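Trainee: test case, fold it:
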Amino acid sequence: MNLPSDDAELRRIRWRCRRGMRELDALFGRWLDREWAAASEAQRGVFLRLLDCEDDKLWHWCMGHEAASDAELDALVQRIRELPPN
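Mentor: Residues are numbered from 1 along each chain as shown. Predicted structure coming up:
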């Protein structure tokens, strides 16, 4: 899988991180800012899959109300939730 690494593609991903819910926007933007550059290709792929999920599911997962049925997505959500605020 050839994942994006250039600035234009990173801007597209940042736009996809905007979910219209301040909490989700902050969580995803924080991971993108802090973790994307050092993330492996596999981790980046999981993050892109996460962004393909429906907002209501993301909300429940990220707020800790439910766990994602996909183990990779659930592990990433847990890592995202553990990132300290700015």
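Trainee: any idea where the helices of the chain begin and end?
Mentor: 7-17, 22-35, 41-51, 55-62, 71-82 (DSSP state H).
Trainee: output those helices in TSV; the columns should cover mean neighbour count and mean pLDDT.
Mentor: Yep, even glycine has a C-beta here, placed from its N, CA and C like the rest. What follows is these, written out as TSV (neighbours: other CB atoms under 10 Å; pLDDT from 0 to 100):
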stretch	mean neighbour count	mean pLDDT
helix 7-17	12	92
helix 22-35	16	95
helix 41-51	16	97
helix 55-62	16	96
helix 71-82	15	97
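Trainee: so who does the spatially closest residue to residue 63 that is not a sequence neighbour touch?
Mentor: Distances taken as CB to CB, 6 or more residues apart in numbering place residue 23 nearest to residue 63, at 7.3 Å, with adjacent residues excluded. By CB atoms under 8 Å, 6 or more residues apart in numbering, the contact set of residue 23 is 59, 62, 63.
Trainee: recalculate using a threshold of 10 Å.
Mentor: Residue 23 sits next to 58, 59, 62, 63 when contact means CB atoms under 10 Å, 6 or more residues apart in numbering.
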